[in-house]
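Enquirer: After the sequence you'll find the predicted model.
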Amino acid sequence: MRYYIIQTETDARLIAEYEEEQKSRRKRKKSFEDIVERYKSDICACDEQRAENAAATIVMNFLAIEQSVTKLIACVKDDGIDDDGIIGEAAAHVRAHGFDGGIVSVEEITTRHIKNLIRKANRSDFIDEEESWFVKYELKRMTNNEWLDSSGFYGDESVCGAEPIGEEQALAETAKMLAPESLRHEIKNIFAVTRNAYKPGHPVMYTISYEDSAELDAYAGLLVRCLKSCKRVASGRVRRIQYKDLCEDYYSDKLEATFRHAVGGTIIVSVEKDMLKDANYLTGYDNRAEELCEAVMRHKNNVLTVFGFPRGMERQRAAFLRALDGVSIVGLEERIFFDEQARGFLRDYAKTFDARPNRGLYLRVEQGHGYSKIDLKRLFDRWYDDYLRRHVYTQYGTQVELFTRKDAGAQGGAIVELESLIGLSETKKLVKEILAFATVQKRFAVDTQGGGRAMHMIFTGNPGSAKTTVARLVARV
């Protein structure tokens, strides 16, 4: 499903009629809108008749007729229709109304945008009964005897890939983003010559390892631009779904409608770190992961799905995707910088702040230690804060206290609150043992890639003995 706003030249006869009207000696001259008004009823009837054609793969309406340009809106239901086909259909639609004018521009737009434009066309009397047109544009459909409209889709939508991009330009973009080598390799695969004729379907889906959500959007957006330029996806529309939102408000019909409406386009599913606590148990939401993967399977040939997983969660990613049977996955891992590469990143990043790096910044890079872009930006922020106080705003050099997370842990938090409670000496001792055990367990899991042992607790005691308070503090610890 694709939506467009199309601009054409306004019919010269309408402009001539308006200019002739302005030359007349009548006191009340007709405006251009008055001239267009005479055609609106015929336009409505013609558009309705064309939309009722069961074989129609494009539904199109007039949105506005202005002196400078005429605007149309369109819903394209066939993925095989490219931009040239849309231009040809728009020209035919204009001629069917007895108008003439060349195509000026064709722009793909989002679901929300097309919905607002249908309402605008209704207010301007270019269409009647906007609700019926929502159905024709497949913005509303009957599901289990209930109307499901476009607000019933998961996630937010945007459009990318408006302008075609070539392989050389795409690779240059990866260099600017300091993208991982795996993304560069996949872009080369996308632009590689295909031996056989084009076939519908997606040979691979994607997973992207990320730490910054903006990075996930940038990598996925570049992928979609490349795929659209090579006609591997028909639409530049991208719907971003937060897995957590899906779990908290799950309806099978809503999920299915979301995928149906994304046909020809892309869905990005970002899985938050707090939803992946254990390699084999997704904090109670594993059944939603299975149903999401089943939806991906049902629509794998007409919807491209990109999964985004937090960095360092490879085992949990495998557990999440276990329901994908027979789907090929290309994994795009986040780039890790070492030694001179890390210092080079800091040097380039400092330029965006018009700052001159010194030896103190480079010494913060540990030899042989790997850094993500987020790690390096945080490292730079610490240095830049010190740089400003020592070299720019020297009046603050010794008059401020540097506050860190370590300080926050020492001066506040759940442990401090627990210690402030009167009595409960045995409980405080037990909580400290639990914290020590959890710390060792976490380090062991990181070093060995193993899962941890869950610790279940039961709090007993008389009413008013701080059971609930301590339980909440332990959970925070």
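Expert: Looks like it arrived, so ask away. Residues are numbered from 1 along each chain as shown.

Enquirer: Residue ranges in the stretch 251-400 of the chain under the pLDDT threshold?
Expert: By pLDDT under 70, the low-scoring segments of the stretch 251-400 of the chain are 274-287, 397-400.

Enquirer: any idea how far Arg225 is from Arg112?
Expert: Distance, Arg225 to Arg112, using CB to CB, to the nearest Å: 21 Å. C-beta coordinates here come from the backbone N, C-alpha and C atoms, glycine included.

Enquirer: whoops, Leu216 was the one
Expert: From Leu216 to Arg112 the distance is 22 Å (CB to CB).

Enquirer: what sits against Val104?
Expert: The neighbours of Val104, taking CB atoms under 8 Å, 6 or more residues apart in numbering as the test, are 7-9, 69.

Enquirer: Quick check: it is in a strand.
Expert: Yes. Assessed with DSSP: H, G, I helix; E, B strand; the rest coil, Val104 lies in a strand.

Enquirer: Ramachandran angles for the residue positioned nearest the centre of the chain?
Expert: With distances taken as CA atoms, centre = their mean, Arg240 lies nearest the centre of the chain, 3.3 Å away. Main-chain dihedrals, Arg240, degrees, to the nearest 10: phi -100, psi 120.

Enquirer: next one: Ser158
Expert: phi -140, psi 170.

Enquirer: How much space separates it from Gly221?
Expert: Relative to Gly221, and taking CB to CB, Ser158 is found at 8 Å.

Enquirer: Which of the contacts of Val104 fall within strands?
Expert: The strands, defined by DSSP state E, take in 7-8 from these.

Enquirer: And the helices in the stretch 251-400 of the chain?
Expert: 252-261, 286-298, 314-320, 339-351, 359-362, 373-387 (DSSP state H, counting those that start in this stretch).

Enquirer: So which of the ones you listed is nearest Tyr393?
Expert: Distance to Tyr393, taken as CB to CB, is lowest for helix 373-387 among the helices of the stretch 251-400 of the chain, at 10.0 Å.

Enquirer: Do a quick rundown of the strands in the stretch 351-477 of the chain.
Expert: 370-371 (DSSP state E, counting those that start in this stretch).

Enquirer: same thing with the stretch 1-150 of the chain?
Expert: 2-8, 58-65, 70-76, 103-109, 140-143, 146-149.

Enquirer: I'd like the contacts of Val104 as CSV, with neighbour count, pLDDT and distance to Ser252 appended.
Expert: As requested, the contacts of Val104 are arranged in CSV below (neighbours: other CB atoms under 10 Å; pLDDT from 0 to 100; distance: CB to CB, whole Å):
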residue, neighbour count, pLDDT, distance to Ser252
Gln7, 20, 90, 40
Thr8, 24, 89, 42
Glu9, 16, 88, 47
Val69, 14, 89, 44
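
Enquirer: And the contacts of Val104, which is closest to Thr460?
Expert: When the contacts of Val104 are compared against Thr460 (criterion: CB to CB), the nearest one is Gln7, at 72.7 Å.

Enquirer: quick one: the closest one and Gln367, what's the gap?
Expert: 58 Å.

Enquirer: Could you tell me the phi and psi values at the residue of the chain positioned farthest from its centre?
Expert: In the chain, the residue that sits farthest from the middle, by CA atoms, centre = their mean, is Arg25; the gap is 57.9 Å. Reported as degrees, to the nearest 10, the phi and psi values for Arg25 are phi -100, psi 10.

Enquirer: quick one on the thing from earlier: show me which of Leu216 and Arg112 is the more surrounded one.
Expert: It is Leu216, of Leu216 and Arg112, that has more neighbours when counted by other CB atoms under 10 Å, with 23 against 15.

Enquirer: And the more buried one, which helix or strand is it part of?
Expert: Taking DSSP states H and E as the definition, Leu216 sits inside helix 213-229.

Enquirer: Count the neighbours of Ala289 for me.
Expert: 22.

Enquirer: The nearest residue to it once chain neighbours are set aside and Tyr250, how far apart?
Expert: Nearest residue to Ala289, sequence neighbours excluded (CB to CB, 6 or more residues apart in numbering): Phe320, at 5.0 Å. Separation of Phe320 from Tyr250 (CB to CB) stands at 16 Å.

Enquirer: okay, these two: which has more neighbours?
Expert: Neighbours were counted for Phe320 and for Tyr250 using other CB under 10 Å; Phe320 has more, 26 against 15.

Enquirer: any idea how far that one lies from Ser270?
Expert: 12 Å.

Enquirer: Any idea how far stretch 247-260 is from the middle of the chain?
Expert: Mean-position distance between stretch 247-260 and its chain equals 17 Å (CA atoms, centre = their mean, to the nearest Å).

Enquirer: Just the C-alpha atoms of it, please, in PDB.
Expert: Extracted as PDB, the C-alpha positions of stretch 247-260 are listed here (Å, rounded to 0.1, in the frame of the first residue of the first chain):
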ATOM      1  CA  CYS A 247       3.400  -6.300  24.400                       C
ATOM      2  CA  GLU A 248       1.500  -3.800  26.500                       C
ATOM      3  CA  ASP A 249      -1.300  -3.400  24.000                       C
ATOM      4  CA  TYR A 250      -1.500  -6.600  22.000                       C
ATOM      5  CA  TYR A 251      -4.300  -7.500  19.700                       C
ATOM      6  CA  SER A 252      -3.800 -10.100  17.000                       C
ATOM      7  CA  ASP A 253      -6.100  -8.200  14.600                       C
ATOM      8  CA  LYS A 254      -4.200  -5.000  15.100                       C
ATOM      9  CA  LEU A 255      -0.800  -6.700  14.400                       C
ATOM     10  CA  GLU A 256      -2.200  -8.400  11.300                       C
ATOM     11  CA  ALA A 257      -3.700  -5.100  10.100                       C
ATOM     12  CA  THR A 258      -0.300  -3.300  10.700                       C
ATOM     13  CA  PHE A 259       1.500  -5.800   8.400                       C
ATOM     14  CA  ARG A 260      -1.200  -5.800   5.700                       C
END
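
Enquirer: hmm, back to that, separation between the residue farthest from the centre of the chain and Pro357?
Expert: Arg25 is 76 Å from Pro357, by CB to CB.

Enquirer: Could you do Leu139 as well?
Expert: 52 Å.

Enquirer: Comparing these two, which shows the higher neighbour count?
Expert: Leu139 (24 against 18).

Enquirer: Settle this for me: the more buried one is touching Lys115, isn't it.
Expert: Yes. Applying CB atoms under 8 Å as the test, Leu139 and Lys115 come out as touching, 5.8 Å apart.
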